[in-house]
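> Generate a structure from the sequence data that follows.
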Amino acid sequence: MTPRNPISTPEPTRPQKPRPPRGSLPPLRQLLEIMAILRGPGGCPWDQKQDHRSLRWHAVEEVHELLDAIECGDDADLAEELGDLLLQVVFHAQLGRERRSFDFDSICRGLVTKLVRRHPHVFGETQARDVDQVWANWERIKQAEKAGSPGERTSQLDGIPRHLPGLMRAQQLLRKAVRAGLMDAPDRRLPTASRTEIAAELFRLAAECQSRGWSAEELLRAEIRRRERGFRQAETVRDRTGISPTGPHAIGKPVPRRRKRSTLPRVQHG
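Predicted coordinates:
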């Protein structure tokens, strides 16, 4: 008896891997296509799991790495870190494209429109005598842009990112307060400490906080919040009465409130 031929089971076909974009495409188009491939079928599991929120601290990390490259003065590192930061923009653009909300082209179109609109002294008839006038025009245009939107700026102090480091946030608050007429600009004719002396004093204060177990960052942020309350109160009084802020409001001191027991932020000694 002749044995029957066993039924051969065909081997499962492996899914074909995506191919990289054609090298003849412009580099930016290659980058956009790669991002779409990484997010698509057969792409990268990590990239597929990300969303706008999960990526937010990656952008912060890339900015810090870019700062390191700038300070090192190495052009190769600088170009690489700029690419990594661009990747964050492309990633978010792809996420927006998948939601049919925005894409890379719409981001660029919006940016071009904004730059033209915010430079009327270059592309229009507005005159700007100096950098201060450029900033004043910029803030006025920006405030008009936000009118009626969820991000509308009702105060001249609005628009400072909440997550800025304390010192950067303090300087931005002071800059806006001076431009808003809520405090006097420093008199540059008076003798001031040198950059080296100021740097040494900042370091001394950080060392003192460390020795006491306090967080210098949290202490500064608390003081910034206190000063900002004072500036905003002074701004409200000025806008309601037409009286320029003087006295304690001029340096952003808030109206005294009932004192609460404070808990100073503490840090571990290392």
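
> the helices in the stretch 51-200 of the chain, which residues?
Here the stretch 51-200 of the chain has its helices, by DSSP state H, counting those that start in this stretch, at 56-72, 75-98, 104-117, 120-123, 131-146, 166-179, 195-212.

> Who are the packing partners of the next helix or strand after the last one?
Once the chain leaves helix 195-212, the next helix or strand it forms, by DSSP states H and E, is helix 216-241. Other elements packing on helix 216-241 under the criterion 3 or more C-beta pairs under 8 Å, 6 or more residues apart in numbering; DSSP states H and E are helix 166-179, helix 195-212. The way it works is simple: take the backbone N, C-alpha and C, and place the C-beta from them, glycine included.

> Centre of the chain to the longest one, how far?
Averaged C-alpha coordinates place helix 195-212 at 26 Å from its chain's average position (C-alpha atoms, centre = their mean, to the nearest Å).

> Which positions in that helix come out as buried?
Of all the residues in helix 195-212, those buried under the rule 16 or more other C-beta atoms under 10 Å are C209.

> Local confidence estimate at the closest residue to H163 other than its chain neighbours?
Once flanking residues are discounted, H163 sits nearest to V60: 7.7 Å by C-beta to C-beta, 6 or more residues apart in numbering. Note for V60: predicted pLDDT of 90.

> how about the helices and strands packed on helix 216-241 in CSV, adding distance to Q88?
Formatted as CSV, the helices and strands packed on helix 216-241 follow (distance: least, C-beta to C-beta, whole Å):
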stretch, distance to Q88
helix 166-179, 20
helix 195-212, 30
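
> and D68, which of the ones you listed is closest to it?
helix 166-179 (16.6 Å; C-beta to C-beta).

> contact partners of stretch 37-47?
P15, Q16, K17, P18, P20, P21, M35, Q48, F91, Q94, L95, E98 (C-beta atoms under 8 Å, 6 or more residues apart in numbering).

> Residue ranges in the stretch 101-250 of the chain under the pLDDT threshold?
151, 190, 245-250 (pLDDT under 70).

> H92: how many residues sit nearby?
20 (other C-beta atoms under 10 Å).

> start at 13 instead
Shifting the count to begin at 13 puts that one at H104.

> which residues touch it?
By C-beta under 8 Å, 6+ apart, the neighbours of H104 are H64, L67.

> go on, the one 5 residues further on?
Neighbour list for R109: A48, D115, F116 [criterion: C-beta under 8 Å, 6+ apart].

> got CSV for those residues, with neighbour count and distance to R233 too?
Shown next, in CSV, are the contacts of R109 (neighbours: other C-beta atoms under 10 Å; distance: C-beta to C-beta, whole Å):
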residue, neighbour count, distance to R233
A48, 16, 40
D115, 17, 37
F116, 19, 35
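
> how close does the residue most central in space within the chain get to M180?
By C-alpha atoms, centre = their mean, the mean C-alpha position of the chain lies nearest to P173, the distance being 6.4 Å. Noted for P173: a distance of 9 Å to M180, by C-beta to C-beta, to the nearest Å.

> what do you get for A228?
Distance from A228 to M180, by C-beta to C-beta: 14 Å.

> next one: K126
23 Å.

> ok, now S223?
Look at S223 and M180: by C-beta to C-beta, they are 25 Å apart.

> quick one: contacts for the closest residue to Q139 other than its chain neighbours?
Closest residue to Q139 in three dimensions, ignoring its sequence neighbours and counting by C-beta to C-beta, 6+ apart: H133, at 6.3 Å. Each residue near H133 by C-beta under 8 Å, 6+ apart is listed here: Q139, A140, Q145, V146, N149.
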